[in-house]
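Asks: Structural data only, the sequence is not supplied:
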C-alpha cells in the first residue's frame, strides 16, 4: 500500500521554484547585482595592490594581531603561493571569502541578537540552524544553482548560507551569557533597550561574536572550494578542474594554497578573539 503512493516531492519543488523564478525574477536580479557589486569591489581593490605590497600588508596585520614570530610563516606561505603562479586565483578566492563572510555576518549577527532576545524567534530559528548544520555541503549548491544559475554569485550565496549558522549561534550565546546584573545596572541608570544592547550586551558578547566570525571564515574556505563545482572561480575551481581531468599537480598546488590562506586567516581572527577577551 505504502509503495503505491507517489508523493512526487521533487516535481512539486521544481514547480515551486519555477513559479518563484517566473514571478519574482526581479528580486533575484537585485540580489545578484548587489553580490556582484560587493565581490567586484573587493576583487578590484585586491588586484590593484602589488603582490609584494599586499604580502607586506598581511605581514604587518599578522604582527599586530598575532605576534612577530608568526610573521615569517605568513610571508613564506604567501610567497610560495606567488611562486606557484596561483596569486590571481588566490586573490579571487580571498574576494569570495570576504564577500561571503561579510554578507553572512550582516545577516547572522542581527538574527543572533533576535534569537537571544525573543523566545519565539529562538523556537523558529533553532531547528532551522540544526538542519542547516547537518546538511551535506553539496546540498547548498542545488538551490543556489536553481535560482541564480552557474558562476560566482550562486557560489557566494551557497557559501553565505553555509557560513551563517555559527555566526547566529555564537552571537546569541554571547548575549545570553551577559549577566543580568550588568543589564539591571544599565536599566537603573535609565538606559534604553538600544543603549543596553550597544553599550552593555554587544561589548560583553564581543569575544563570542568574534569566535563566530572566525568560524564563518573557516566554513567559507571549505565551501568556496566545493563551490568550484558550479564555476565560482578561484582556487576551488582549480581543484575541481584538476580532479575532473585527473591533473593532480595543479589540484594539489591549489589545495596547498587554500590551506596556507586558511591558516593565515584563522590565526589572525583567532587572536582577535583573544585580544577582545
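Replies: Everything's here; your move. Model, not experiment: these values are computed from the prediction.
Asks: rest of the way, CA atoms for contacts and neighbours
Replies: Will do.
Asks: remind me which residues of this structure are low pLDDT?
Replies: Of all residues in the chain, those with pLDDT under 70 make up the ranges 1-7, 273-277.
Asks: what ranges do the helices span in it?
Replies: 9-23, 25-47, 51-65, 71-83, 87-117, 119-134, 141-148, 152-176, 180-188, 193-196, 202-226, 234-244, 248-276 (DSSP state H).
Asks: Can you say which of the ones you listed is packed in most?
Replies: Among the helices of the chain, judged by mean count of other C-alpha atoms under 10 Å, the one packed with the most neighbours on average is helix 152-176 (a mean of 26).
Asks: Could you check the angle it makes with helix 87-117?
Replies: Angular relation of helix 152-176 and helix 87-117 on a 0 to 180 degree scale: 40 degrees, by axes from the mean of the first three to the mean of the last three C-alpha atoms, to 10 degrees.
Asks: and helix 152-176, what other elements does it pack with?
Replies: Secondary-structure packing of helix 152-176 (3 or more C-alpha pairs under 8 Å, 6 or more residues apart in numbering; DSSP states H and E): helix 25-47, helix 87-117, helix 119-134, helix 141-148, helix 202-226.
Asks: Residue 169: what's it in contact with?
Replies: Neighbouring residues of residue 169 by C-alpha atoms under 8 Å, 6 or more residues apart in numbering: 112, 212.
Asks: Give me the distance between it and residue 215.
Replies: 11 Å (C-alpha to C-alpha, to the nearest Å).
Asks: try residue 118
Replies: The gap separating residue 118 from residue 215 is 24 Å, by C-alpha to C-alpha.
Asks: How about residue 145?
Replies: Using C-alpha to C-alpha, one gets 25 Å for the distance from residue 145 to residue 215.
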